[in-house]
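Peer 1: quick one, what's the 3D model for this:
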Amino acid sequence: MKILLGFSESDSSVRMLEAALEQVSVQVAATREQLLFRMEDDFDAVAIDITLFASVYPWDMIRDIKSRQKHKQTEVIIIPNDCIYDSLMLELLTRLALEFGFRVTPLAVSENDRVLHLVDALRGKAESGHEKGGRKEGKIIACWSAGSRDGASTLALNTALALATHTTLRIGFLDLNLKNPSARSNLNFSDREKSNVRIRPRLQTQTLTPGELIQNCLTYRKLKRFYILPGTPRRESASDVTPEMIDHLLTTARNTFDLTFLDLNGYPDNAATICGVRGADIRLLVARPRFDSYRTGWGEWYDCYWKYCGLQPHDIQLVMNRTASQREASAAADFLDMPLAGIIPEASTGLGWKSVDEGIPLYYQTGAENFIDAIHTLAGGFARDAGMDMRLPDRVKQRLWSRITATLG
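Peer 2: A predicted model of the protein is given here:
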């Protein structure tokens with residue numbers, strides 16, 4: 001998708017647009033003269049901040065833009081600004097724009113909000129060619145542990161990293177372990193501002209857009225299509241999150257990402273875990289071959305709660321963690337009456353704790369090759385379900401690249 005962006009200050013706006021939209025090429029016109037000259041070229045959309053036309057009346061602005069719209073298929077999007085026109089002029093601008101077939105985004109209070117409104121408008125343009133019914137919805141993958149420290153967070157994060165590294169899918173990772181969030185420390189993020197707390201007002205009013213969700217996510221290293229929504233250190237606020245908020249978040253995530261991983265707490269005493277598991281398309285129960293894991297830890301929770309939520313064992317897939325034994329994993333799957341999704345061997349002694357302490361995922365650790373191979377097998381199944389194959393690199397080159405990126409951070 002080719003976009004001409006008429007913004008006087010455009011660096012951050014371009015970065016946000018490129019991060020939020022797939023296969024988009026953004027060209028910038030920083031002045032009115034540049035914009036009108038470039039409009040004669042062929043673009044899918046032209047987005048214009050009226051700040052460029054601050055010295056002219058609305059009718060002159062609309063006339064000039066219309067006269068330069070040489071291609072009928074080019075959509076013109078007007079971005080209003082109440083610092084330029086008063087309410088009467090803005091109303092006049094809106095009516096004139098609509099009369100000439102232009103789109104007008106909602107009035108925003110900040111630069112970021114203006115870009116978010118533009119992202120939503122352009123997303124509709126980019127996806128208008130998809131099948132009827134709009135953009136194909138992504139899938140939600142819920143991961144939680146059968147017992148304490150069974151490794152669901154590690155498995156979800158490393159599987160998401162594998163997909164983000166070796167496919168062109170847009171991957172979301174939502175840290176919804178409200179009582180024990182770990183994504184921020186596991187990825188060594190220094191940004192303490194972005195978290196799921198910032199989107200809670202939008203979730204409460206059921207108005208969160210894909211653009212706003214992306215704006216509140218962090219990216220990791222050079223993976224431009226991998227978006228992480230961290231948890232919050234305000235763990236006591238877990239009870240403030242309602243089922244309606246989680247349901248709306250899942251709906252927005254489906255419209256934003258191709259695959260969304262939910263890192264959930266294993267205890268069904270909060271809305272994120274309960275609604276995340278119930279609303280997911282793929283449910284991964286992560287367990288260890290230990291009596292206190294899949295036998296008592298999961299079994300007792302299922303008997304006293306999950307079966308009353310309408311979940312049957314065959315609705316859940318088992319991932320047996322920290323074992324390489326097919327026999328152990330198959331026996332556990334038979335005991336639980338669940339399909340076996342994967343077997344993940346334990347990493348070398350001490351490597352898991354090293355990964356946590358350093359904030360470098362196991363996926364990038366030297367010596368974790370068996371673990372990484374198992375993660376690739378699991379992730380490959382999700383990629384195929386999404387209509388894509390994983391492109392795995394040569395192992396020697398991969399080891400070298402892992403060392404380099406781990407050193408650079």
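Peer 1: measure Ala368 to Gly352 for me?
Peer 2: Distance, Ala368 to Gly352, using C-beta to C-beta, to the nearest Å: 9 Å. The C-beta positions use only the backbone N, C-alpha and C, and glycine is treated the same way.
Peer 1: out of these two, which sits in the more crowded spot?
Peer 2: Neighbour comparison, Ala368 and Gly352: the larger count goes to Ala368, with 24 against 18 (by other C-beta atoms under 10 Å).
Peer 1: which residues touch that one?
Peer 2: 347-348, 351, 362 (C-beta atoms under 8 Å, 6 or more residues apart in numbering).
Peer 1: generate a ChimeraX selection restricted to the buried subset of these.
Peer 2: A single ChimeraX command selects the buried members of the contacts of Ala368 (16 or more other C-beta atoms under 10 Å):
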select :347,348,351,362
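Peer 1: re the thing from before, find the residues that touch each one of Ala368 and Gly352.
Peer 2: With C-beta under 8 Å, 6+ apart as the test, Ala368 and Gly352 both reach Leu362.
Peer 1: and the contacts of Ala368 as a markdown table, adding secondary structure?
Peer 2: Putting those into a markdown table (DSSP: H, G, I helix; E, B strand; the rest coil) gives the following:
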| residue | secondary structure |
| --- | --- |
| Ala347 | coil |
| Ser348 | coil |
| Leu351 | helix |
| Leu362 | helix |
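Peer 1: farthest pair within the contacts of Ala368?
Peer 2: Farthest-apart pair in the contacts of Ala368 is Ser348 and Leu362; separation 9.8 Å (C-beta to C-beta).
Peer 1: picking up where we left off before, check pLDDT for the contacts of Ala368 and point me to the minimum.
Peer 2: When the contacts of Ala368 are compared by pLDDT, Ser348 scores lowest at 72.
Peer 1: doesn't Gly367 make contact with that residue?
Peer 2: Yes. The pair Ser348 and Gly367 passes the contact test of C-beta atoms under 8 Å, sitting 4.8 Å apart.
Peer 1: which stretches of this structure have low pLDDT?
Peer 2: Where the chain drops to pLDDT under 70, the residues are 9-23, 82, 108-113, 123-135, 349, 393-409.
Peer 1: next, name the residue at the spatial heart of it.
Peer 2: Relative to the mean C-alpha position of the chain, the nearest C-alpha, by C-alpha atoms, centre = their mean, is the one of Gly172, at 2.8 Å.
Peer 1: tell me which element that one is part of?
Peer 2: Element membership for Gly172, per DSSP states H and E: strand 171-176.
Peer 1: sheet-wise, list the partners of that strand with their directions.
Peer 2: Strand partners for strand 171-176, identified by DSSP bridges, are recorded as strand 223-229 (parallel), strand 259-264 (parallel).
Peer 1: need the CA coordinates for that strand. CSV is fine.
Peer 2: Taking Å, rounded to 0.1, in the frame of the first residue of the first chain, the C-alpha atoms of strand 171-176 are listed here in CSV:
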residue,chain,number,x,y,z
ILE,A,171,2.5,-11.8,16.3
GLY,A,172,1.1,-10.3,19.5
PHE,A,173,2.1,-11.3,23.0
LEU,A,174,-0.2,-10.1,25.8
ASP,A,175,1.1,-10.5,29.4
LEU,A,176,-2.2,-11.2,31.1
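Peer 1: follow-up on the earlier one: from the contacts of Ala368, pick the one nearest Thr260.
Peer 2: Leu362 (21.2 Å).
Peer 1: what sits against the closest one?
Peer 2: 154, 158, 347, 351-352, 355, 368, 371-372.
Peer 1: next step: those restricted to helices.
Peer 2: 154, 158, 351-352, 355, 371-372 (DSSP state H).
Peer 1: sorry, back to before: so which of the strands paired with strand 171-176 is the most packed in?
Peer 2: strand 259-264 (a mean of 29; mean count of other C-beta atoms under 10 Å).
Peer 1: off-centre distance for that strand?
Peer 2: Put simply, strand 259-264 sits 9 Å off its chain's centre (C-alpha atoms, centre = their mean, to the nearest Å).
Peer 1: and for stretch 168-186?
Peer 2: That offset, for stretch 168-186, works out to 10 Å (C-alpha atoms, centre = their mean).
Peer 1: ok, how many other residues are close to Lys354?
Peer 2: 16.
Peer 1: test my guess that it contacts Gln365.
Peer 2: Yes. Here Lys354 lies in contact with Gln365, judged by C-beta under 8 Å, at a distance of 7.1 Å.
Peer 1: any buried residues in stretch 136-156, and which?
Peer 2: Neighbour counts over stretch 136-156 (16+ other C-beta under 10 Å) mark 138-147, 150-156 as buried.
Peer 1: which ones among those residues map onto helices?
Peer 2: Counting by DSSP H, the part of the buried residues of stretch 136-156 found in helices is 152-156.
Peer 1: among those, which one lies nearest to Thr31?
Peer 2: Ala156 (47.1 Å).
Peer 1: give me the neighbour count for Ile199.
Peer 2: Ile199 has 21 nearby residues by other C-beta under 10 Å.
Peer 1: ranges for the helices of the stretch 151-300 of the chain?
Peer 2: 152-166, 183-186, 200-204, 210-215, 243-254, 271-279, 297-304 (DSSP state H, counting those that start in this stretch).
Peer 1: among those helices, which is nearest Asp41?
Peer 2: Nearest of the helices of the stretch 151-300 of the chain (C-beta to C-beta): helix 210-215, 25.9 Å.
Peer 1: domain assignment for the protein?
Peer 2: 2-126, 139-408 (automatic domain parsing).
Peer 1: hmm, back to that, quick check: bridge partners of the residue nearest to the centre of the chain?
Peer 2: Where Gly172 sits in a bridge, its partners, by DSSP bridges, are Tyr227, Thr260.
Peer 1: check the one 4 residues further on too.
Peer 2: When bridges are taken as DSSP bridges, the partners of Leu176 come out as Leu264.
Peer 1: was I right to think it contacts Ala271?
Peer 2: No. Leu176 is beyond contact range of Ala271, at 9.2 Å (criterion: C-beta under 8 Å).
Peer 1: between the two, which is the more surrounded one?
Peer 2: Counted by other C-beta under 10 Å, Leu176 and Ala271 do not tie: Leu176 has more neighbours, with 28 against 20.
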